[in-house]
Every structure is written in structure tokens, then in C-alpha cells.
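**Q** Predicted model, plus sequence, below.
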Amino acid sequence: MLDFVFYPITSLMYAALAAYFWRMHWLPAAAAPAARAESGNIEHIAVLVPMALHAMLLYQSVFAGDGMRLGIGNAISTIVWLTVAIYWLGNLVYKVAGLQAMVMPVAAVCVLLPTLFADTRALPNTQLAAFKTHLVISMLAYSLFTIASLHVLLMALLERRLHGGELPLALQKLPPLLTMETLLFRIIAAGFVLLTLTLASGIIFSEELFGKAMRFNHKTVFGILSWVIFAALLGGRSLYGWRGRIAVRWTLTGFLMLVLAYVGSKFVLEVVLGRG
């Protein structure tokens with residue numbers, strides 16, 4: 001019962017941070033508080049509190065009883081926690097404060113998902129090293145592509161606002177668009193490497209478990225489609241200098257394929273069909 005008290009507390013902490021970041025960084029300069037100038041370090045430390053609670057809840061939910069439980073609720077919550085953690089670490093080097101108000105509301109909702117989609121069945125074969133490796137790499141890949149998708153939306157918003165209207169402080173503090181674009185493709189490249197390793201480790205895991213390289217199903221199809229899209233995007237960037245709206249469309253399309261590959265398939269199986 002104590003866990004179910006901490007779930008709403010953690011969600012409210014994320015939501016309060018989202019409201020704070022919006023008020024301090026996204027309101028027009030004339031409407032925002034004057035005390036926001038030197039608050040960056042405190043803000044960065046404050047995020048650690050709900051992150052720590054979120055990690056505790058995830059650990060207790062995923063490793064409850066014997067084995068590992070990673071249904072749709074735990075899976076999405078884990079991916080979002082990794083997204084917040086990677087963003088938190090990356091913000092030490094790249095000051096992209098505008099993402100805070102976008103990441104925190106997502107975390108506020110997703111931290112509650114394990115309570116809404118209770119996972120009663122443990123995953124089979126979690127003792128296999130190939131499966132554990134595949135799981136960790138795939139979660140990191142999803143998290144990086146989540147950040148890339150939010151990043152590209154932030155770039156699109158900045159580009160639109162540059163053509164008219166007062167910029168919120170969050171957009172004023174962002175690096176130049178070309179710098180953000182370079183960072184975006186670094187994130188996508190890192191995610192692409194992890195996605196490649198995810199598919200490769202999935203083949204190894206399939207061989208260990210089923211004695212054949214890969215089962216050809218909708219999850220595999222969407223995973224490969226996502227890999228092809230991001231490979232084409234990186235190739236187009238290298239060969240033809242793709243940027244701007246092309247980068248936005250291809251990044252979001254590739255991310256959608258990833259969502260359909262894993263989260264979509266788990267939702268259909270666990271929620272719609274009730275197979276767990």
C-alpha cells in the first residue's frame with residue numbers, strides 16, 4: 001500500500017516541476033518571474049528527487065517476486081525514466097533547458113502506468129545473458145529516440161517562433177539552430193547504433209531460445225522499418241545535407257515505427273487481447 005502512496009506523490013512532483021519550468025522559462029519575458037535568472041543549478045538538482053522515487057518504484061514493480069515483470073505499464077515507465085535520466089545527464093553538457101517542460105509532463109503521466117496496467121506475469125528466459133543484453137540495449141535505444149523526437153519538435157517550434165512573436169526565455173537560451181541540429185543528429189546516430197545492436201541481439205536471443213534467427217512478425221517488421229528510416233535519414237544527412245523539415249518528418253516517422261514495434265504490439269497483446 002505504501003507504494004501506491006508514492007506513485008501519486010512522484011507524479012505530482014513531476015507535474016509541479018513541469019508547471020515550474022513552464023512558468024519560469026516558457027512565459028514571455030514580461031510575464032515571467034524576475035527571479036528565474038540564476039535558478040538553473042537548483043532546478044537541475046530538484047529533478048533528482050522524483051527521479052529517485054521513480055527508480056525505486058520501478059525496481060519494486062519490475063522485480064516484484066520471482067523473475068522480471070515488464071508489461072506495457074512497466075516498459076513505458078522504464079523508457080520514460082531512462083529518457084529523463086539521459087536528458088538530465090546530457091543537460092550537464094548541452095544546455096537545452098527548453099526540453100524540461102516537455103519531458104516532465106510525460107513523466108508525470110507515465111510514472112502511474114504500472115498501477116493502471118498491472119503486470120502479473122514474469123517474463124520467461126530472463127536468466128539468458130542474450131535476453132538481458134537485448135533488453136537493456138533496446139530500452140536505451142527507445143529512450144534516445146524519445147529525446148530525439150522531443151528535440152526535433154523543440155527545433156521546429158524555435159524555427160517557427162523566430163519568424164515572428166516574442167521568444168520565451170527557454171527558446172532565447174537555446175543554442176543556434178545549426179548547433180541544435182548537430183546535436184540532434186548525434187543523438188540519432190547514437191540511437192541508431194543501439195537500435196542496430198537491438199536487432200542483432202534479438203537475432204542472437206532468438207537463436208538461443210528458438211533455434212532460428214528471427215521470427216517474422218509485426219514487431220520485427222516495424223523494428224526493421226524504423227532501422228531503415230533512421231539509416232536513410234543519416235545517409236541523407238551525410239550525402240545531401242538533409243535538415244529542417246526533412247529531419248523533423250523522418251525523425252518522427254522513425255520514432256512512430258518504434259512505438260508500433262514495441263509499445264503498440266504490447267498494448268494490443270496485453271490490453272486489447274488480454275494475453276499478458
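**A** Done, it's in. Numbering: from 1, shown residues only.
**Q** hey, let's count contacts and neighbours off CA atoms from now on
**A** Will do.
**Q** what about Thr198, which helix or strand?
**A** Using DSSP states H and E, Thr198 falls within helix 177-210.
**Q** Work out the gap between that helix and the centre of the chain.
**A** Relative to the centre of its chain, helix 177-210 is centred 13 Å away, using C-alpha atoms, centre = their mean, to the nearest Å.
**Q** give me the number of residues near Trp242?
**A** Counted with other C-alpha atoms under 10 Å, residues neighbouring Trp242 total 14.
**Q** That one and Gly236 touch, don't they?
**A** Yes. Taking C-alpha atoms under 8 Å as the definition, Trp242 is a contact partner of Gly236 at 5.6 Å.
**Q** Name the SS class of Arg121, please.
**A** coil (DSSP: H, G, I helix; E, B strand; the rest coil).
**Q** Roughly how far does it sit from Ala52?
**A** Distance of Arg121 to Ala52, given as C-alpha to C-alpha, to the nearest Å: 25 Å.
**Q** Next SSE downstream of the helix holding Thr198?
**A** helix 218-240.
**Q** so that next one versus helix 177-210, what angle?
**A** In terms of direction (axes from the mean of the first three to the mean of the last three C-alpha atoms, to 10 degrees), helix 218-240 departs from helix 177-210 by 140 degrees.
**Q** circling back: which strands or helices does the helix holding Thr198 pack on?
**A** helix 129-162, helix 218-240 (3 or more C-alpha pairs under 8 Å, 6 or more residues apart in numbering; DSSP states H and E).
**Q** Rebuild those as CSV, extending it with mean neighbour count and distance to Phe117.
**A** Formatted as CSV, these follow (neighbours: other C-alpha atoms under 10 Å; distance: least, C-alpha to C-alpha, whole Å):
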stretch, mean neighbour count, distance to Phe117
helix 129-162, 19, 19
helix 218-240, 17, 20
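**Q** Nearest to Ala19, out of those?
**A** Closest to Ala19 of the helices and strands packed on helix 177-210, according to C-alpha to C-alpha: helix 129-162, at 17.5 Å.
**Q** Now do that closest one, average pLDDT.
**A** For helix 129-162, the mean per-residue pLDDT is 86.
**Q** got the angle between it and helix 177-210?
**A** Going by the same axes, to 10 degrees, helix 129-162 makes 160 degrees with helix 177-210.
**Q** got the contact list for Met104?
**A** The contact partners of Met104, taken as C-alpha atoms under 8 Å, 6 or more residues apart in numbering, are 14-15, 17-18, 84.
**Q** change it to 10 Å
**A** If you count contacts by C-alpha atoms under 10 Å, 6 or more residues apart in numbering, Met104 has them with 11, 13-19, 21, 47, 80, 84, 110.
**Q** State the distance from it to Tyr20.
**A** Taken as C-alpha to C-alpha, the span from Met104 to Tyr20 is 10 Å.
**Q** shared neighbours, those two?
**A** Contact criterion C-alpha under 10 Å, 6+ apart; residues shared by Met104 and Tyr20: Tyr14.
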